[in-house]
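[1] No sequence on hand, only this structure:
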């Protein structure tokens, strides 16, 4: 069966080797005929273009003669093959064969298709122009071969979150007590009145469970959306002759994809062309060694693997679930089970507080049981509840169940279950808002760790600067042809030709110009695009013509250590081989021994002229210009074999030096000043030369021109590298700028800073930055210029590559930590007050002032509604006025303890006075008094929520109107409390209160505001 007809309904394919051999020969004959026809057509097209391009008029004939040659062609065809040649369509290819070919790395399958180039034609694509790219073509391919998406495991349903909440031990005990209470109540008082106690507890428990499940379900949906956003990467493809970026999900079979260092391979495919392409397949095979891709020996590229070196172009053969990567990803649950360091600390704290609550509940249980069985408790009529054998067993069991339920409820209130929920809420809220602020969180822990950052190591290009470059100077030898917007590109033809070669061949960018378009489409890195644009408009460079006239023999990709890239080319018209280098001006200059002047004369470079050129570069760098030099060396063709894999690096001829102006971002200086005020040091680590780096650092506010210009504040990477470990540790704090640095220098800097006790955040965009990004406490990759390898290694992706966004992330990190502390203070106040009140009341009088239902309602207020109100505060600029939080600083500070103890003591005092003296003071019965206690306790928490908004500031209303959610939750809490007291009287064990009694409750609760104001006047050390 033919390789082009391998589609079966049951997808089972059997191959016969002899049959393949016969079919392979048949197809070779067919392809040869098709190839001849294509060549003949192209010759006719090229001849017609030459005629059309001539200025003279076309010669026209009045008549023509048609010669029918069909019989002869048919006869010739019959001699070679009895069957007619059919046009090939990708619909005749089985996707499973393509999938197995790459997955199994089977070169025999590929040969049966006639090789990579023949497969391109089979898939109706083109090596140079790609697929048609129209909507219809893309839809046709997607319908036949599938979309480049994998099937995710079904997300957790809402019911699963409800079941998880119901698995809580205390909830199970409460439900058991509620069921028993329900049974005894119905047995004793009948259905009409007997269900209230047990039924109300069940309703309250269900309410708590549902609210908790809804909250967790919403957060899981939020994390799922962010996971989808993280996996949506940009890929560069060629469609209809144009290089264009598209989403990885839009890739289809037949697409021609351009690959560079740091890219993640978006689908399974085959290597078409490129140079020095090395791929890391460890994610698929587990092998750590990089694989060299070769068009004949090993052309297979697997989805999900990373490009570690070189450049290349690939043909997509399988997408989505037809790839091994798709199958693997579909079996991985994308839900986030990650526990952040703060969550771990809070879980320990919750466990500790829970043990205290358990001990108090056990004491209360013992006291209540002893008082009951010794006859010291009375019912509503004033009779003893237990009279030995006279008391019915059902009454005894009912009373014991109520006592156990009360004790269990104390545990429920004591355990601050809302703490982990508050962390999840604030992290989810901050992650969503950080996306709006151009920062995508990849690891949850980074949200809170960023708040502790003491040092930020930042790149220069694109982070501190706009990454919108312009050529402002061009020097040919010692003469400036472009300077201060004055252009005089008057140079000899031989120099112009060499410059066009140097720019057009030694680049990873492209220029695409449609006949109708006025402006060309230029792709590549910002630096490459700027140089290509300048050459196109100012040097009249036709990049297609340059590439057509020269053959590239070998490419050396840009090296971050040598700071240069090179290309070895052979002229098609001359027997000459040129080595072209492009890179850092002062480093290229060291390899040059001659230069061209404006007249096109070759000059030997002596020591004096070298020094003059160095001065030119230094002066350009002092103006914040990136200096890039072009140099070349010429050899005869006979030396080609020697040079094939080795580019000459010495004895070069300098062709020219260009200066690129990349202005600083508008808000960088302001952001740098904010960091300094926040106690965060900024260190600029760049590959540019020391003069450019110093100029940009001064302009952006990182360097103080008065006090930071000594040798210790600014140095080069090689100098830092050559320090002894002791010298590095001694000087690392003083360094502000490190120029001409390599990724290893950045890694070394991070390691030294961490050893000094700093919490380090690092920005990076290149593949080689991955070690430093992983080593740092917070790795910040760049969303625009960053490679996929860098993004994978980072914790947060800065989507706009802007340093101001880094400062925004710092602010959000501090906000997360601050919000947790606010909620922690609020909840611990409730816990302490509730425990002490119930314990004292139980031991002294044998009665608990707050019933099970009331305690569950308080638990709902502080666990869920309180977390929503306090954990979703937005960051303010005040956060940057504080010093960074240290690694080992306690979560509960002295300031928090001061506020917490004061409010808890006030609430305990008020409620105990009401418990023991309330009836006599207000002249009310016990039910009204208990309602007053419950109402005052809840309102105290509402007013204390305002106090918790500001841990240190006296004005607790600052920014209140900006937090609509906080105000909404306060309003909801008050309305629900009104309903509990005035409407759900039987359910909540309350009675209606008059206006005066409501006023008393509100007055007692409102007193917490002036108390908090007075207490904040007491000075307390922050630690």
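    Perfect, thanks for sending it. For clarity, every value in this text was computed on a predicted model and none was experimentally measured. Numbering: from 1, shown residues only.

[2] where does the stretch 501-650 of the chain have low pLDDT?
    515-518, 637-645 (pLDDT under 70).

[3] just the strands in it please.
    Taking DSSP state E, counting those that start in this stretch to define them, one finds strands in the stretch 501-650 of the chain at 510-512, 521-523, 550-559, 564-571, 576-584, 592-596, 602-604, 625-636.

[4] Export those as CSV, with columns for distance to residue 667.
    Where you see a C-beta, it was placed from the backbone N, CA and C, and this is true even at glycine. As requested, the strands of the stretch 501-650 of the chain are exported to CSV (distance: least, CB to CB, whole Å):
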stretch, distance to residue 667
strand 510-512, 33
strand 521-523, 28
strand 550-559, 30
strand 564-571, 33
strand 576-584, 29
strand 592-596, 40
strand 602-604, 46
strand 625-636, 22
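
[5] For residue 812, which of these is the nearest?
    Minimum separation from residue 812 across those (CB to CB) falls at strand 625-636, 32.1 Å.

[6] quick one, which of the strands of the stretch 501-650 of the chain is nearest to residue 452?
    With CB to CB as the measure, strand 625-636 is the member of the strands of the stretch 501-650 of the chain nearest residue 452 (34.3 Å).

[7] Can you list the strands that that closest one pairs with?
    strand 576-584 (antiparallel), strand 652-661 (antiparallel) (DSSP bridges).

[8] for residue 798, what are its contacts?
    438, 439, 463, 763, 780, 781, 782, 783, 805, 806, 809 (CB atoms under 8 Å, 6 or more residues apart in numbering).

[9] Could I get the strands of the stretch 501-650 of the chain in JSON lines, plus columns for distance to residue 977 and mean neighbour count?
    Listed next are those as JSON lines, based on distance: least, CB to CB, whole Å; neighbours: other CB atoms under 10 Å:
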{"stretch": "strand 510-512", "distance to residue 977": "67", "mean neighbour count": "20"}
{"stretch": "strand 521-523", "distance to residue 977": "62", "mean neighbour count": "17"}
{"stretch": "strand 550-559", "distance to residue 977": "66", "mean neighbour count": "17"}
{"stretch": "strand 564-571", "distance to residue 977": "70", "mean neighbour count": "21"}
{"stretch": "strand 576-584", "distance to residue 977": "69", "mean neighbour count": "23"}
{"stretch": "strand 592-596", "distance to residue 977": "82", "mean neighbour count": "20"}
{"stretch": "strand 602-604", "distance to residue 977": "90", "mean neighbour count": "11"}
{"stretch": "strand 625-636", "distance to residue 977": "65", "mean neighbour count": "22"}
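
[10] Looking at the ones you listed, which is nearest to residue 399?
    It's strand 521-523; of the strands of the stretch 501-650 of the chain, that one is closest to residue 399 (CB to CB) at 81.1 Å.

[11] What's the biggest helix in this structure, counting residues?
    Scanning the chain for the longest helix, with DSSP state H as the assignment, gives helix 803-845.

[12] Can you tell me the number of residues neighbouring residue 828?
    Residues within reach of residue 828, counting by other CB atoms under 10 Å, total 23.

[13] go on, the one 5 residues further on?
    When neighbours are counted by other CB under 10 Å, residue 833 registers 26.

[14] Could you export the strands paired with strand 625-636 to CSV, including columns for distance to residue 287?
    Putting those into CSV (distance: least, CB to CB, whole Å) gives the following:
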stretch, distance to residue 287
strand 576-584, 33
strand 652-661, 39
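
[15] And the ones you listed: which comes nearest residue 225?
    It is, among the strands paired with strand 625-636 and with distance given as CB to CB, strand 652-661, at 39.1 Å.

[16] Between strand 592-596 and that closest one, find me the angle.
    Computed by axes from the mean of the first three to the mean of the last three CA atoms, to 10 degrees, the angle separating strand 652-661 from strand 592-596 equals 70 degrees.

[17] contacting residues for the nearest residue to residue 91 once chain neighbours are set aside?
    Distances taken as CB to CB, 6 or more residues apart in numbering place residue 144 nearest to residue 91, at 6.2 Å, with adjacent residues excluded. Applying CB under 8 Å, 6+ apart to residue 144 gives the contacts 90, 91, 95, 253.
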